[in-house]
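1. need a structure here:
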Amino acid sequence: MSHLAKTIGEQIRHYRTLRGWTQEQLAEVLESQGTYIGRVERGEQNIQLQTLEKIADALHINVYALFRERDPFEHLKQDEWIWQSVMLLKEQNVQDQERAFRVLREMLKH
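-> The predicted model follows:
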């Protein structure tokens with residue numbers, strides 16, 4: 001499995017789930033099969049450029065979005081409180097970060 005195929009597959013899965021679609025629903029729009037979409041999303045299936053364009057059109061995205069790796073912290077940025085906490089901790093020195101972590105861990109123990 002190539003890195004590019006894996007990236008494209010992850011992006012297709014990301015945008016498909018944002019639309020709330022199953023693999024079968026995307027496959028239906030593409031006149032394909034859900035198993036094919038699954039293989040593409042896992043990076044196991046080579047995909048033709050025309051198919052990439054159809055997928056991008058179906059998901060209402062630019063085809064170039066399928067080639068970009070997502071920001072690994074994107075999900076944190078969507079939660080304002082978590083993102084603000086991360087940014088606040090980032091501004092601190094290592095000792096204060098460790099101290100804050102210990103306090104938070106103790107506070108949240110069940």
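2. just checking, G38 touches Q23?
-> Yes. Look at G38 against Q23 with C-beta atoms under 8 Å: they come within range, at 5.4 Å. Where C-beta positions appear, they are placed from N, C-alpha and C, glycine not excepted.
3. which of these two has more neighbours?
-> Shown here are G38 and Q23; by other C-beta atoms under 10 Å, Q23 has more neighbours (21 against 16).
4. could you list every residue that touches that one?
-> Counting by C-beta atoms under 8 Å, 6 or more residues apart in numbering, Q23 makes contact with R16, G34, I37, G38, E41.
5. what about 10 Å?
-> Neighbour list for Q23: 12-13, 16-17, 32-41 [criterion: C-beta atoms under 10 Å, 6 or more residues apart in numbering].
6. Mind picking the lowest-pLDDT entry from the residues you listed?
-> Within the set of the contacts of Q23, pLDDT is lowest for G34 (86).
7. can you tell me how far that residue sits from K109?
-> Using C-beta to C-beta, to the nearest Å, we find G34 at a distance of 43 Å from K109.
8. Can you check the pLDDT for the closest residue to Q33 other than its chain neighbours?
-> Of all residues beyond its chain neighbours, the one nearest Q33 is A27 (5.3 Å), with distances taken as C-beta to C-beta, 6 or more residues apart in numbering. As summarised for this prediction, A27 has a pLDDT of 95.
9. Any buried residues in the helix or strand encompassing A27, and which?
-> Element membership for A27 (DSSP states H and E) is helix 23-30. For helix 23-30, the neighbour count (16 or more other C-beta atoms under 10 Å) marks Q23, L26, A27 as buried.
10. can I assume the second one is in contact with T51?
-> So the one you mean is L26. No. L26 is beyond contact range of T51, at 11.4 Å (criterion: C-beta atoms under 10 Å).
11. list the residues that contact both of these two?
-> Shared contacts of L26 and T51, defined by C-beta under 10 Å, 6+ apart, are found at S32, Y36, V40.
12. which of the residues you listed lies closest to Q97?
-> Set against Q97, the nearest of the shared contacts of L26 and T51 by C-beta to C-beta is V40 (40.4 Å).
13. give me the element the closest one is part of.
-> Counting by DSSP H and E, the element that carries V40 is helix 34-41.
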